[in-house]
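S.K.: Give me coordinates for this.
(2 chains)
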Amino acid sequence: KAGVTQTPRYLIKTRGQQVTLSCSPISGHRSVSWYQQTPGQGLQFLFEYFSETQRNKGNFPGRFSGRQFSNSRSEMNVSTLELGDSALYLCASSDPRVNYGYTFGSGTRLTVV
Amino acid sequence: AQSVTQPDIHITVSEGASLELRCNYSYGATPYLFWYVQSPGQGLQLLLKYFSGDTLVQGIKGFEAEFKRSQSSFNLRKPSVHWSDAAEYFCAVGAGEYGNKLVFGAGTILRVKS
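M.R.: Residues are numbered from 1 along each chain as shown, chains lettered A, B, ... in the order given. Here you go, the predicted model:
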């Protein structure tokens, strides 16, 4: 079974630009979550989608948004990038019908210059 | 609010020695608890999880964890550490209405001496 796939692995953007990150969950997993990891703040929850609906949202500004498609693939978008948005963005998928326990992808390393 | 505390930022153990990583949580209801491991530049790998039932949970790579409700703890243990266990370890609690919002501790970096 293929794991959680995140693309791209690395990204360099300029302040003020926007970026879109992609996540393909494990086949059959309908829940997809996004996390931001930085040295200063650690791992922080961004949002979670289930069957194309956002069920939970973390404490991030509106510049951070996401969506989930009918095939459970998910994207997150960050607009008007700031230097502080430089981080490892992790996507995780889960099938709540089986039991909890999220499987994480390898992440997208975003650098804002 | 839910929170997770990992008191040790760094731990160094000798190869072959036993290991215990501490985790304390704050959560009103019966918690969903997890331990993840992260190697440099990689994502998180699930070691084990606790939802209910037996308070001693077995995981992958020879790890186990014990849930102690009275102490609000979920410590991770391994009887004999291997050099390949060097990594960062994160404890997490499942929060939110569906228990699907993971709240992570700050992590413990494990160094293994040969």
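S.K.: who's residue 50 bridged to?
M.R.: Because you didn't say which chain, this covers chain A. Residues in a beta bridge with residue A:50, per DSSP bridges, are residue A:31, residue A:53.
S.K.: oops, chain B please
M.R.: residue B:33.
S.K.: which residues touch it?
M.R.: B:31, B:32, B:33, B:34, B:57, B:65, B:67, B:74 (CB atoms under 8 Å, 6 or more residues apart in numbering or on different chains). Placement of C-beta: from N, CA and C, glycine included.
S.K.: before we move on, what about residue A:14?
M.R.: A:81, A:112, A:113.
S.K.: For chain B, see how far away it is.
M.R.: 23 Å (CB to the nearest CB, to the nearest Å).
S.K.: go on, residue A:81?
M.R.: 22 Å.
S.K.: how many other residues sit next to that residue?
M.R.: 19 (other CB atoms under 10 Å in any protein chain shown).
S.K.: cool, residue A:31 as well?
M.R.: Count around residue A:31 with other CB under 10 Å applied: 24.
S.K.: and what of residue A:55?
M.R.: Counted with other CB under 10 Å, residue A:55 comes out at 16.
S.K.: which non-adjacent residue is nearest it?
M.R.: Of all residues not flanking residue A:55 in the chain, residue A:48 sits nearest, at 5.3 Å (CB to CB, 6 or more residues apart in numbering or on different chains).
S.K.: Show me what the helix or strand where that neighbour lies packs onto, helices and strands only.
M.R.: Assigned by DSSP states H and E, residue A:48 falls within strand A:42-50. For strand A:42-50, the packing partners by 3 or more CB pairs under 8 Å, 6 or more residues apart in numbering or on different chains; DSSP states H and E come out as strand A:31-38, strand A:53-57, strand A:64-68, strand A:74-78, strand B:101-104.
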